[in-house]
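Novice: build me a structure from this.
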Amino acid sequence: MRVRPVPAVLAALVVLVAAGSLVALRQSARAAAGGAAVAGPADGPRYGLSTVGLSYPFAAAIAKGFREAAGAAGARAVVLDAQGSVEDQANDIDDLVAQRVAGIAIMPLDSVVAQGWVARVNRAGIPVAAVAAMVGDPATRAAADVHPGLVALASQDEVAAGAAAGTLAARLLPAGKVAEIAMVEGAAGFPEVAQRARGFRQGLDAGGARYRIVAAQPGNWTAEGGEAACQNMLAARPGIDLIFNQADDMVIGCARAVRAAGSPARLVGVGGSKLAVASIKAGAVDGTVCFKPEALGALAFAALHEAAGKRPTGGQRFRTYPIPAVTRANVAQCVGQW
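Specialist: Residues are numbered from 1 along each chain as shown. This is a model prediction of the structure:
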């Protein structure tokens, strides 16, 4: 039996329908797994947020700020959860492009890989912003140096955050000796790891501290990871004077390890989480740097909304807010948003 040729137009239509079905299927599967959320008026423009994972309280707070800002502007927020997977985040961004959203905010899992995602969104003609982490190689790009493909980067100056923690730590170190300091780092691929470490050393030096960094281990941004890292480092070097945790989730776990080991090590975190603020008030943690993740989500949405509406931004491509260091003496200044 002779097979009749398929007209080119019909073939193209079949490809388009199949591609659309694949995107819809992927979105449905993710929504069923808790990976997608849409909020806002049904008839409003849609703005996407690709987040590293809503199981991280900080990322969830950013999503909350993004959704609330979108709702206040009469827009809809489409929040996709990469659940810690770079591959899933790449798929999420493809899905948002396919939906032709008015703008896309990316909280990148890998700042170097994210350069390709930004280029992809640029080719689609959709405004794209980064939130909470830079796009580009942190070894060659300054914290506030916004990637040219972005309409904005809404973030803390991570080096400045590390410096604030280092300046605070310098006041906590014992006098008359070279202090031993350990560091609980985040996870590989995140630019904050190198940036906060660099700033922390700058803050220590500016504070006139005499110190040695005697140990550093990853805590992968979680309380469990922070606890395990601190257990290991205290077992190897019980004389540690201070432990710098690059995020407050990790400092909460580290505090458990310090308490279990009977160590006098002082503890400094970054983030201003509700648990960290409570722990500072209780004396279990010595200090932190106060972040406002909900504000970051709102700043990222505002940048996209301005770009989509062709409104002037006033040249503000790096968008941030004050990040004070707090101890028990002034912790009331930090109202935890996550």
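Novice: can you pull out the helices in the stretch 101-250 of the chain?
Specialist: Remark: helices assigned in the stretch 101-250 of the chain by DSSP state H, counting those that start in this stretch are 114-123, 158-172, 191-206, 223-236, 248-261.
Novice: any chance of these in CSV, plus mean neighbour count and distance to residue 135?
Specialist: For the C-beta atoms, the positions are set from N, CA and C on the backbone; glycine is no exception. Shown next, in CSV, are the helices of the stretch 101-250 of the chain (neighbours: other C-beta atoms under 10 Å; distance: least, C-beta to C-beta, whole Å):
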stretch, mean neighbour count, distance to residue 135
helix 114-123, 18, 5
helix 158-172, 23, 13
helix 191-206, 22, 9
helix 223-236, 20, 25
helix 248-261, 23, 23
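Novice: format these as TSV; extra columns: mean pLDDT and distance to residue 104.
Specialist: TSV is the format used below for those (pLDDT from 0 to 100; distance: least, C-beta to C-beta, whole Å):
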stretch	mean pLDDT	distance to residue 104
helix 114-123	97	5
helix 158-172	96	22
helix 191-206	94	19
helix 223-236	98	29
helix 248-261	97	26
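Novice: which of those helices sits closest to residue 148?
Specialist: helix 114-123 (9.0 Å; C-beta to C-beta).
Novice: can you name the residues in contact with the closest one?
Specialist: Residues from elsewhere that reach helix 114-123, judged by C-beta atoms under 8 Å, 6 or more residues apart in numbering: 89-90, 93-94, 97, 104, 106, 108, 128, 130, 135-136, 147, 149-150.
Novice: stretch 70-83 now?
Specialist: By C-beta under 8 Å, 6+ apart, stretch 70-83 touches 30, 34-42, 44-55, 63, 66-67, 88-89, 92, 95-96, 99, 101-102, 109, 301, 305.
Novice: show me where the protein dips below the pLDDT cut-off.
Specialist: The chain contains residues with pLDDT under 70 at 1-36, 39-41, 312-315.
Novice: all strands of it, in order?
Specialist: 36-39, 46-51, 76-81, 103-106, 128-131, 152-154, 179-185, 211-218, 242-245, 266-268, 287-289, 318-319, 325-327 (DSSP state E).
Novice: just send the ones you listed back as a markdown table, with distance to residue 338 and mean neighbour count too.
Specialist: Listed next are these as a markdown table, based on distance: least, C-beta to C-beta, whole Å; neighbours: other C-beta atoms under 10 Å:
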| stretch | distance to residue 338 | mean neighbour count |
| --- | --- | --- |
| strand 36-39 | 17 | 17 |
| strand 46-51 | 13 | 27 |
| strand 76-81 | 15 | 25 |
| strand 103-106 | 17 | 29 |
| strand 128-131 | 14 | 29 |
| strand 152-154 | 15 | 26 |
| strand 179-185 | 18 | 24 |
| strand 211-218 | 21 | 16 |
| strand 242-245 | 15 | 28 |
| strand 266-268 | 18 | 26 |
| strand 287-289 | 12 | 28 |
| strand 318-319 | 19 | 19 |
| strand 325-327 | 15 | 20 |
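Novice: brilliant, that's me finished.
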